[in-house]
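Engineer: how does the following fold in three dimensions:
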Amino acid sequence: MTAIYLLRHGEADYRPIRERQWPGSMADLAPLTARGLQQAVAAAGLLAAVGAAKLVSSPFTRTLQTAGIVACRAGLLVEIEFDLHEWSPDDTFGWQTHAEVRALLADFDRCGGEWPPGERRPWEPMSSVRARAAAALRHALAGMDAAGTLIAVCHELVIRSLTGEPETDTGQFRVIDSGQLP
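Structural biologist: Modelled structure (predicted):
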């Protein structure tokens, strides 16, 4: 089995997004805060010791910045796995504010992460997050030595979908083995 370290990106700084009044998915361009940078450095120190063979990342700025710090410390390259991206709150990409995303997330939580039977919601169900993230990790594992270790820098709901664990704090990680992938 291959150990997979699922690292949540460091704390994001949404101030530049708010200042520019950029809508919706433009928030994915937010960089790390000073605290987020410190979280990434701390995670890099811990993860450098696991002897990872490969590091993959979501394509969002906060994950790429975190991944770059970890990769530098671990002597790895950053490979993008597009389907490790964050949960989609609205498949029309019509949201404008963080408040709208919080309301959609509250609905997601009320529904236990899945659409109610016979209903469709704009947000991505947990089963979809799990399926695409697992596929991305299987793709990343292809060609790796079975005894190797993989670091995946991603998002809280991606980690929750794969581990079933409640919230993982920014800059923290959970470990699964490849046999746990759905």
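Engineer: list phi and psi for Asp13.
Structural biologist: Main-chain torsions, Asp13, degrees, to the nearest 10: phi -110, psi 100.
Engineer: make residue 1 into 227 and carry on from there
Structural biologist: In the new numbering, first residue 227, that becomes Asp239.
Engineer: pretty sure it is touching Leu258, no?
Structural biologist: Yes. Using C-beta atoms under 8 Å, Asp239 is in contact with Leu258, at 6.3 Å. Where you see a C-beta, it was placed from the backbone N, CA and C, and this is true even at glycine.
Engineer: look at these two and report which has more neighbours.
Structural biologist: For the pair Asp239 and Leu258, the greater number of neighbours falls to Leu258 (24 against 18), based on other C-beta atoms under 10 Å.
Engineer: tell me which stretches of this protein form helices.
Structural biologist: Ranges of helices in the chain, per DSSP state H, are 241-246, 260-273, 287-300, 324-336, 352-367, 382-389.
Engineer: so for the first one, mean pLDDT?
Structural biologist: It refers to helix 241-246. For helix 241-246, the mean per-residue pLDDT is 84.
Engineer: try the longest one
Structural biologist: Throughout helix 352-367, pLDDT has a mean value of 98.
Engineer: Gly320 - how many residues pack around it?
Structural biologist: For Gly320, the neighbour count with other C-beta under 10 Å is 12.
Engineer: quick one: which of the helices of the chain is nearest Leu232?
Structural biologist: helix 382-389 (4.7 Å; C-beta to C-beta).
Engineer: the worst-scoring helix or strand of the chain on mean pLDDT: how far from the chain's middle?
Structural biologist: Taking mean pLDDT, DSSP states H and E as the measure, the chain has helix 241-246 as its least confident helix or strand, at a mean of 84. Counting by C-alpha atoms, centre = their mean, to the nearest Å, helix 241-246 is centred 22 Å from the centre of its parent chain.
Engineer: per-residue confidence for the residue sitting furthest away from the middle of the chain?
Structural biologist: Most distant from the centre of the chain: Gly344, at 29.0 Å, with distances by C-alpha atoms, centre = their mean. For Gly344, the model assigns a pLDDT of 97.
Engineer: and if you look at Arg400?
Structural biologist: So Arg400 comes in at 98 (pLDDT).
Engineer: dump stretch 300-309 to CSV, keeping only the CA atoms.
Structural biologist: Provided in CSV are the C-alpha atoms of stretch 300-309 (Å, rounded to 0.1, in the frame of the first residue of the first chain):
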residue,chain,number,x,y,z
ALA,A,300,11.1,17.7,0.2
GLY,A,301,13.1,18.0,-3.1
LEU,A,302,10.1,17.2,-5.3
LEU,A,303,8.3,18.8,-8.2
VAL,A,304,4.7,20.0,-8.0
GLU,A,305,2.4,18.1,-10.4
ILE,A,306,-1.1,19.4,-10.9
GLU,A,307,-4.1,17.1,-10.4
PHE,A,308,-7.0,19.2,-11.6
ASP,A,309,-9.6,17.1,-10.0
